[in-house]
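Undergrad: model this:
(one chain, ligands or ions: 2)
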Amino acid sequence: MPSVEVLLSRLDPSVPLPSYARPGDAGADLVTTTDVVIEPGERAVVGTGIAIALPEGYAGFVHPRSGLAARVGLSVVNTPGTIDAGYRGEIKVCLVNHDLREPVRLARGDRIAQLVVQKVEHAVFREVDQLPDSARGAGGYGSTGGHEVLARTEG
Ligand SMILES: O=c1ccn([C@H]2C[C@H](O)[C@@H](COP(=O)(O)OP(=O)(O)OP(=O)(O)O)O2)c(=O)[nH]1
Ligand SMILES: [Mg+2]
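TA: Ligands and ions are numbered 1, 2, ... in the order given. Sure thing, here's the model as predicted:
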């Protein structure tokens, strides 16, 4: 896996550094610095105790963890959250409990989300009178079919 150096400051000295659980993982796990109970359908912004300085041309994306999503309904409201290269504040995560019945109980130090660092580019938007043709054209939102589930669901 290629790597890039990212400067990091621990705002909460006892939190672990973000870490990749397995060598090929795309996301480094982030922890919550606070205990929190999120009721069904509610959200909570939690701190991760870290601030970073991404190099220019990179951004960080805060994604949910699939295990917690599947098991207890925990996700990130604005998934993926965008961490700009110029941002020096604490990385925070806006969590949501999608479960309809059970609260999610989080304890300080729990790994609640994962940070994916990616190269990004700025678009130079150039307005034109007509866009070039393409195979897809303006077809979207189901234009390629494969929605048998709709017939089963809508009757
Ligand atoms: O999950 C997230 C998303 C964002 N941020 C921080 C880093 C990011 O650089 C900054 C701004 O994020 P964004 O642009 O998504 O929010 P905004 O509502 O547009 O705020 P702003 O007006 O500050 O850009 O907030 C986080 O800590 N966690
Ligand atoms: Mg913004």
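Undergrad: Close to ligand 1: what parts of the protein are there?
TA: 62, 78, 81-84, 87, 91-94 (C-beta under 6 Å from any ligand atom). All C-beta atoms are positioned from the backbone trio N, CA, C, and that covers glycine.
Undergrad: same thing but 8 Å
TA: 60, 62, 76, 78, 80-84, 86-87, 89-94 (C-beta under 8 Å from any ligand atom).
Undergrad: burial measure for Pro16, as a count.
TA: Using other C-beta atoms under 10 Å, Pro16 has 13 other residues around it.
Undergrad: sorry, that was for Ser75
TA: Ser75 has 19 neighbours, counted by other C-beta under 10 Å.
Undergrad: Over to Gly73?
TA: Close neighbours of Gly73, defined as other C-beta under 10 Å, add up to 18.
Undergrad: Might you report the residue contacts of it?
TA: Listed by C-beta atoms under 8 Å, 6 or more residues apart in numbering, the contact set of Gly73 reads 97-99, 102, 104.
Undergrad: Try it again at 6 Å.
TA: 97-99 (C-beta atoms under 6 Å, 6 or more residues apart in numbering).
Undergrad: neighbours around the residue of the chain found nearest ligand 1, how many?
TA: Residue nearest to ligand 1 within the chain (C-beta to the nearest ligand atom): Gly81, separated by 2.0 Å. Neighbourhood size, Gly81 [other C-beta under 10 Å]: 18.
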